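Novice: fold the following, please.
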Amino acid sequence: MFATALALSLGTFCRVEAATTQRVVVDRSTGLAVSGFDPVAYFTDHEPRPGDPEFELTLEGVVWRFCNASNRSFFAERPDVYAPQFGGYDPVAVARGVPLAGNALVWIVVGQRLYLFDRDETRTAFASDPERYIERAKAAWPKLQQTLAE
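Specialist: Numbering: from 1, shown residues only. Reported below is the predicted structural model:
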């Protein structure tokens, strides 16, 4: 909870240490995906919102938190839609073949998909030509996944 509050107060200046060896980025200190933020809230509230431990869901060994039961249900039905693309890794880095963890506070939704970024500069680059970065990241992702643990 303290880490989440600290991340919120520091905004994009905060860097959460995340495991970069898993197929889904998980916060090392909490074991949570998206640093404990509700992945559905990016779509419904258009901002990151901390999830509540009361509304957790474990999917394929990854713990996700949600603001409410409805968001948890939406995610359970369509994790392919609501989970961050490329496992929460920065798509600009993925396009280069590098597993660089995205930050839950540096994000964008494009084409009804959530993307997390390491820093504002990569989000800005991505936003200038998302199709190009998505295409390159999709091409690099299968090979990169082979280097990550399940």
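
Novice: closest to the centroid, which residue in this structure?
Specialist: G88 (3.4 Å; CA atoms, centre = their mean).

Novice: excluding its backbone neighbours, what's nearest it?
Specialist: Among residues not flanking G88 along the chain, V25 sits closest, at 3.6 Å (CB to CB, 6 or more residues apart in numbering). The way it works is simple: take the backbone N, C-alpha and C, and place the C-beta from them, glycine included.

Novice: that neighbour touches Y89, doesn't it?
Specialist: Yes. In this structure V25 lies within contact range of Y89 using CB atoms under 8 Å: 6.1 Å.

Novice: give me the common contacts of these two.
Specialist: 101-102, 116 (CB atoms under 8 Å, 6 or more residues apart in numbering).

Novice: what's the closest of those to L57?
Specialist: Nearest to L57 among the shared contacts of V25 and Y89, counting by CB to CB, is L116 at 18.5 Å.

Novice: hang on, the closest one packs against P84?
Specialist: Yes. At 4.9 Å, L116 counts as touching P84 under the criterion of CB under 8 Å.
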